[in-house]
Every structure is written in structure tokens, then in C-alpha cells.
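Enquirer: With the sequence up front, the predicted model follows.
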Amino acid sequence: MLRLKLKIILLILGLFYASAPAAAQSLKVPFAALSPTYAPLWIADHAGFFKKHGLDVQLVYISAGSVIIPAVLSGQVDIANMSSAPALTAWSRGAELATVGVTSNRLLHVVMTRDLIKRPEDLKGKKIGSDRYGSLSDLVLREALRHYNLAPDRDVAVIQTGGLPERLGALKVGAVDGAIVAGDTAFEAEKLGFHKLIDLSQLPIRYPGSTVVVSRSFLSGKRDIVKRFLRGWIEGIKTAKTDKDFTVKVMQRFLKTSDRSILDKTFEVYKSVHEKVPVPDSKVMGVALKQLSATVPQAGQLKIEDFIDRSLISELESEGFISKIYEGR
């Protein structure tokens, strides 16, 4: 009888543990800017999409890619959502990194100035606020200046003033004559009376924007975790493209603005920018690598395919995951 009771107890315990949910995998995920381009990540966390796929994600705001990259390589953080520029630069110099997803391939940056500066050529001898050296904002600003035959740091001073809020602040107090901004910050600058001098979306400059970056060792050792992360992130992208009310609610929290007109404009602009299938584009990435070779010579000897891993998103697409979440939309 005792043996029978023991068997029953063991059977009940076995059923309990078999049915108990596995502990969620903890992930630290930094994002690089308070910009709407990172809304899919914020949404995925806020809506519980990561938890749905068995992940306990801790978002960390780190405004400098130059700080994020060492954290990724050392294992202090697991997966990064950032611009491709710092990651591509580090990879070109030997860092074992890969990009597994890209939200957009269009630039929405603009250079905002006071009305006294009417043409790009008028920037000669002026100061423009930008992000840290080597960031996406810094790289595309320099490319835009060259497009107008202005030499960065010689004809135009490029000042590292910080993230988007700091750049707008520097413009407001007159510390700089112009600033490169994007998204809601650009709309806010317009409300304050500044005008759009250069719209990079109208220039022949393409650059991969918000990317998902991992170390090669993390990707090879925890491929399933990266794939689960991408599932949640892609659901965040779908929501950012289709659910205005929820997206505005999340952006309001992160962008720290309650101006509904700015939030509505931001949603309308970015919903068409986020890629439905966010697979890295080798052509766009290749252009970025070619541009980088001007300052990092060894980049010209590399193949962009060695930096890109399309396999995870390709699997999600072939498995029907992406088409399923867009059913009826």
C-alpha cells in the first residue's frame, strides 16, 4: 500500500512538473535612441510579445553605439537594437558580430535650422549638432554635407551634442546653428519655428536603420533564443504598422510627449517605413560598407554577406509566421 501511494505521489509530481511552464529566458536588450524607429521593440515589450515567446526582456536605453558594441561582445547584454553604423564599423575592424534583422532601409533624418539659413550652402562656417562620431546620424549628416560639396569639419563644424533631445536643446539655446534630427523631434522643432533645410529622404543616400545585432558566439550558441526574440520583435513591427492607438500610447511613454498631433504624424510616417519582412538587404548594407571604407580602409576588402545572417527571418517567413500575424490586415 505504501509503495502504491508513493507511485501515485511521484506520478502527480511528474504531471505537475511536466505541465509547469518553463522559466522565461532572461535577456538584456539595449536600444540606441529615443526615436520612433525603435517603437517595434518598445511595443513588443509593452504588449507582452516577448513573454509570449518565453522571454523575459529587460530593455536598456544606451544612447551610444560605441558603448553598446563592447557590451554585446563581452556578454553584458545579449541582443542589441541599434543603428547598423557602429556595428558595421566594429565588424570591419574584426569584431565577431552579425545583424539578423533590419526594421527599415529609409532615412528619415532632417537638418533643422533657423530661417536665416535658407540653403544648404549657407551652412558654410556654421555648426551643426549631431550624435557621437561614428553613429548613424553622424555618418549620414557627413554624407549629406558632401552631397552639397561641403567638407565636414572644415566647411561645417559637426558638434557632438548627444541624443535627439539634447540636439534639439542645443538648437533651441543657440549653441548650434542647425541639428540633424528625426521623427517626433523634427516635428517638435517645426512647432518651435525651425525649418527643414535638408531632407535626407530626398537625397540619393540609403542606409540600414534600426538593426538587430548579436555576437556570433551568442547566435551560434543560442540560436533558438534569437529566433524567439525576432518573433516578438516582428509582432511589434506589425503592431507599429497597424495599431495606431496602441502604438501612440507606447510612443508617448518613451518619447515623453503628450502632443497628439506630433504622435499622430509620427505614426503615419513610420508605419510605411517599418519593413513587414525585416530581413537585412545586402544591397543597402553593401552601400553602407562601401561608404565606411572611406574612413576604415579594410572595410573595402570585406564581403557584406559575412556580416548578415538572413536565415532566422527567412525561416520565420517560410514557416508562415509572418503571414499569419498579418492575416486580415
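Expert: Looks like it arrived, so ask away.
Enquirer: lowest average confidence, helix or strand, in the protein?
Expert: Lowest by mean pLDDT, DSSP states H and E among the helices and strands of the chain is helix 2-19, with a mean of 40.
Enquirer: Can you list the buried residues in the following helix or strand past that helix?
Expert: Downstream of helix 2-19, the first helix or strand assigned by DSSP states H and E is strand 25-31. Within strand 25-31, the residues that qualify as buried are 25, 27-31, counting by 16 or more other C-beta atoms under 10 Å. To be clear about C-beta, it is placed using only N, CA and C from the backbone, and glycine gets the same treatment.
Enquirer: Give me the lowest-pLDDT entry from the residues you listed.
Expert: Lowest-confidence member of the buried residues of strand 25-31: residue 25, scoring 88 (pLDDT).
Enquirer: ok, that one touching residue 53?
Expert: No. Assessed by C-beta atoms under 8 Å, residue 25 is found out of contact with residue 53, at 9.3 Å.
Enquirer: list the residues that contact both of the two?
Expert: Common contacts of residue 25 and residue 53 (C-beta atoms under 8 Å, 6 or more residues apart in numbering): residue 228.
Enquirer: does the residue most central in space within the chain have beta-bridge partners, and which?
Expert: Taking C-alpha atoms, centre = their mean, the centroid of the chain lies closest to residue 210, which sits 2.6 Å from it. Under the criterion DSSP bridges, residue 210 forms beta bridges with residue 83.
Enquirer: Only C-alpha atoms, please: export stretch 193-200 in PDB.
Expert: Taking Å, rounded to 0.1, in the frame of the first residue of the first chain, the C-alpha atoms of stretch 193-200 are listed here in PDB:
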ATOM      1  CA  GLY A 193       9.800  77.700 -35.500                       C
ATOM      2  CA  PHE A 194      12.800  75.900 -37.100                       C
ATOM      3  CA  HIS A 195      12.600  74.900 -40.700                       C
ATOM      4  CA  LYS A 196      13.700  71.800 -42.700                       C
ATOM      5  CA  LEU A 197      16.900  72.700 -44.600                       C
ATOM      6  CA  ILE A 198      17.900  69.200 -45.700                       C
ATOM      7  CA  ASP A 199      15.600  66.200 -46.000                       C
ATOM      8  CA  LEU A 200      17.800  63.200 -46.300                       C
END
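Enquirer: buried stuff in that stretch?
Expert: 194, 197-198, 200.
Enquirer: and if you look at stretch 154-163?
Expert: Buried-residue list, stretch 154-163, by 16+ other C-beta under 10 Å: 155-156, 158-159, 161-163.
Enquirer: In these, find the pair that's most separated.
Expert: Distance extremes for those: the farthest pair is 155 and 163 at 25.2 Å, using C-beta to C-beta.
Enquirer: hmm, back to that, so which of the buried residues of strand 25-31 comes closest to residue 45?
Expert: residue 29 (8.4 Å).
Enquirer: Residue 290 versus the closest one, what's the distance?
Expert: According to C-beta to C-beta, to the nearest Å, residue 29 stands 29 Å off from residue 290.
Enquirer: same deal with residue 155?
Expert: With C-beta to C-beta as the criterion, residue 155 and residue 290 are 23 Å apart.
Enquirer: And for residue 32?
Expert: 23 Å.
Enquirer: Those two: who's more crowded?
Expert: residue 32 (28 against 12; other C-beta atoms under 10 Å).
Enquirer: So for the more buried one, what's the nearest residue that isn't a sequence neighbour?
Expert: residue 82 (3.9 Å; C-beta to C-beta, 6 or more residues apart in numbering).
Enquirer: surely that neighbour meets residue 68?
Expert: Yes. If you go by C-beta under 8 Å, residue 82 and residue 68 touch, sitting 5.5 Å apart.
Enquirer: what residues do the two have in common as contacts?
Expert: 30, 32.
Enquirer: what pairs with residue 156 across the strands?
Expert: residue 152.
Enquirer: List the contacts of it.
Expert: Contacts for residue 156 (C-beta under 8 Å, 6+ apart) come out as 123-128, 145, 150.
Enquirer: and it, what pLDDT?
Expert: 97.
Enquirer: again with residue 204
Expert: 83.
Enquirer: Grab the nearest non-local neighbour of it.
Expert: Closest residue to residue 204 apart from its sequence neighbours, by C-beta to C-beta, 6+ apart: residue 147 at 7.7 Å.
Enquirer: Quick check: next helix or strand after the longest helix along the chain?
Expert: Longest helix of the chain, by residue count under DSSP state H: helix 223-242. Heading C-terminal from helix 223-242, the first helix or strand you meet, by DSSP H and E, is helix 244-255.
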